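Q: when you get a sec, could you give me coordinates for this:
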Amino acid sequence: MPKRERVMRMSVEQPMWRALAGYRVLTVFYAVGLFATGYDRFPRPGVAIAFYCVLFVWTLATLPKVANAASCTRRFLAADLTLALTGILLTPVADAPASIAAGGPTLPSIWTAGSVLAFAIKGGWRWAALASTAVAAANLVERGSPAGDTVHAVVLVWVASIAIGYVVEVARASERTLARALEIEAATRERERLARDIHDSVLQVLAMVQRRGAVIGGEAAELGRLAGEQEVALRTLVAGGLVPVPRVSEDAGGGAAVRGAGDRAGDRHGENGDEDRAEPVDLRSLLAPYAGSRVNLAEPGAPVPLPPAVAREVAGAVGAALDNVREHAGEGARAWILVEDEPESVTVTVRDDGPGIPQGRLAQAESEGRLGVALSIKGRLRDIGGTAEVVSVPGQGTEVELNVPKDAMMDAPKKTTSTRGKTTRGKAEGR
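A: Prediction:
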């Protein structure tokens, strides 16, 4: 079965491209409007009209080019800036010298800033500095002398474009950092999911083989010894390094992207269509198989509907808690499961009458790679937005309280992790 792929895109840059496209359209109309209101002062209006026709067509035709960084190529930027510079240098040809001397606008007017901003968003502050310097030189040539208003306009464009270019560079660096952080989180989630599966199956079987081999003796004892060695090695692996996930970190127009192949947590946004469309299941039906002569199940009279993934994880955590009861409280220990469907949350409590857990034992077990509580119970609840609390007093039994807020169920990952407790219950190797 092909692995599902989760893609998460992040971009603070994309809104800048949309704003730039809008800016270019508005400013071309502004430039044409300025020309129309001052038409009488132009000694050669035909030059201006020809330029505005080219500018209008170019602006509308190149809107897809300023849609994102990938479309905005270097050739386009060079051609766009050339058009802006041409318009500035044509201003003395079309406009009256008196108007130019009085500080009148150039033919492209503030449209030129859009061309410079495209450089800034595409290439950062260095590209912005290059483009704004070219515009400054063209304005000085058009004016003939560095008048105060010209210098003011040039400096304003220069500072603004460099500042925007710097902001874009910082935003891209932040996106890459965030992408890497999400990537590590996805890898950690996958490792924890695999660790839960291994804890619920392979480690339990190895622990059982080791114990039974020691009891039977002979060749079985050697087999048990080997199984014990493999159990220790596997625990070390599970508790150790991260499971790498296929990743792609992109930053070309669409912003940084993080992909995690086979990431079950990624289904929260709907990639797993069958899971999203599944009807809620009654939690009671998943907990009923755990009831027995030594396990008492107390449940509400009405159904306790939960999303399928949430219900499976809660049931898996209950099964892991009962495994610990059988393993550490002894075969004669009794356990009680209490299901409470409250207005704000669903709470499942597993309590036993065993000897309890010595203080510090859970922390020690986790450091030794025994992740029964850390992953199979707390990890499951954490992944679905819930909490798991373990309360134990030596000599007075242990109580595990699983709580899932109902508002968190809507955002809980649609996991497909199978609950293996039905095939390996009663063989938990450690808390």
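
Q: who's Asn296 bridged to?
A: Counting by DSSP bridges, Asn296 is bridged to Trp336.

Q: check contacts around it.
A: Arg334, Ala335, Trp336, Ile337 (Cβ atoms under 8 Å, 6 or more residues apart in numbering). Backbone N, C-alpha and C define where each C-beta goes, glycine included.

Q: and if we set it to 10 Å?
A: Arg334, Ala335, Trp336, Ile337, Leu338, Arg351 (Cβ atoms under 10 Å, 6 or more residues apart in numbering).

Q: my guess is the third one contacts Gly354. True?
A: It refers to Trp336. No - counting by Cβ atoms under 10 Å, Trp336 stays clear of Gly354, with 11.9 Å between them.

Q: list the helices and strands the helix or strand containing Val25 packs on?
A: Using DSSP states H and E, Val25 sits within helix 14-37. Helices and strands touching helix 14-37, by 3 or more Cβ pairs under 10 Å, 6 or more residues apart in numbering; DSSP states H and E, are helix 45-61, helix 74-94, helix 111-123, helix 148-200.

Q: who touches both of Trp336 and Gly354?
A: The contact sets of Trp336 and Gly354 overlap at Gly397 (Cβ under 10 Å, 6+ apart).

Q: on the three-state scheme, the residue of the chain most remote from its centre is what?
A: Distance from the C-alpha centroid of the chain, by Cα atoms, centre = their mean, peaks at Pro43 (59.4 Å). With DSSP: H, G, I helix; E, B strand; the rest coil as the basis, Pro43 sits in coil.

Q: if I pick the closest residue to it other than its chain neighbours, what's in contact with it?
A: Spatially, and ignoring its direct neighbours in sequence, Pro43 is nearest to Ala96 (5.7 Å; Cβ to Cβ, 6 or more residues apart in numbering). Counting by Cβ under 10 Å, 6+ apart, Ala96 touches Gly38, Asp40, Arg41, Phe42, Pro43, Arg44, Ala102, Gly104.

Q: and the two most separated of those residues?
A: The span of the contacts of Ala96, defined through Cβ to Cβ, is set by Arg44 and Ala102 at 17.9 Å.

Q: low-confidence ranges in this protein?
A: For the chain, the stretches flagged by pLDDT under 70 are 1-12, 145-153, 191-204, 231-278, 360-375, 408-431.

Q: how about a cut-off of 50?
A: Within the chain, the stretches with pLDDT under 50 are 1-10, 241-273, 275-276, 369, 413-430.

Q: buried ones in stretch 334-351?
A: Ala335, Trp336, Ile337, Val339, Asp341, Ser345, Val346, Thr347, Val348, Thr349, Val350, Arg351 (16 or more other Cβ atoms under 10 Å).

Q: do stretch 211-227 as well
A: Quick answer for stretch 211-227 (16+ other Cβ under 10 Å): Gly213, Gly224, Ala227.

Q: output it as PDB, nothing but the C-alphas.
A: Taking C-alpha atoms only, stretch 211-227 is exported to PDB below (Å, rounded to 0.1, in the frame of the first residue of the first chain):
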ATOM      1  CA  ARG A 211      10.500 -15.800  30.900                       C
ATOM      2  CA  ARG A 212       9.100 -19.100  29.500                       C
ATOM      3  CA  GLY A 213      12.500 -20.200  28.300                       C
ATOM      4  CA  ALA A 214      14.000 -19.700  31.800                       C
ATOM      5  CA  VAL A 215      11.200 -21.800  33.300                       C
ATOM      6  CA  ILE A 216      11.400 -24.600  30.700                       C
ATOM      7  CA  GLY A 217      15.200 -24.800  30.800                       C
ATOM      8  CA  GLY A 218      17.400 -26.700  28.400                       C
ATOM      9  CA  GLU A 219      17.600 -25.400  24.800                       C
ATOM     10  CA  ALA A 220      14.600 -23.200  25.600                       C
ATOM     11  CA  ALA A 221      16.700 -21.400  28.200                       C
ATOM     12  CA  GLU A 222      19.200 -20.500  25.500                       C
ATOM     13  CA  LEU A 223      16.400 -19.300  23.300                       C
ATOM     14  CA  GLY A 224      15.100 -17.200  26.100                       C
ATOM     15  CA  ARG A 225      18.500 -15.700  26.700                       C
ATOM     16  CA  LEU A 226      18.800 -14.700  23.100                       C
ATOM     17  CA  ALA A 227      15.300 -13.300  23.200                       C
END
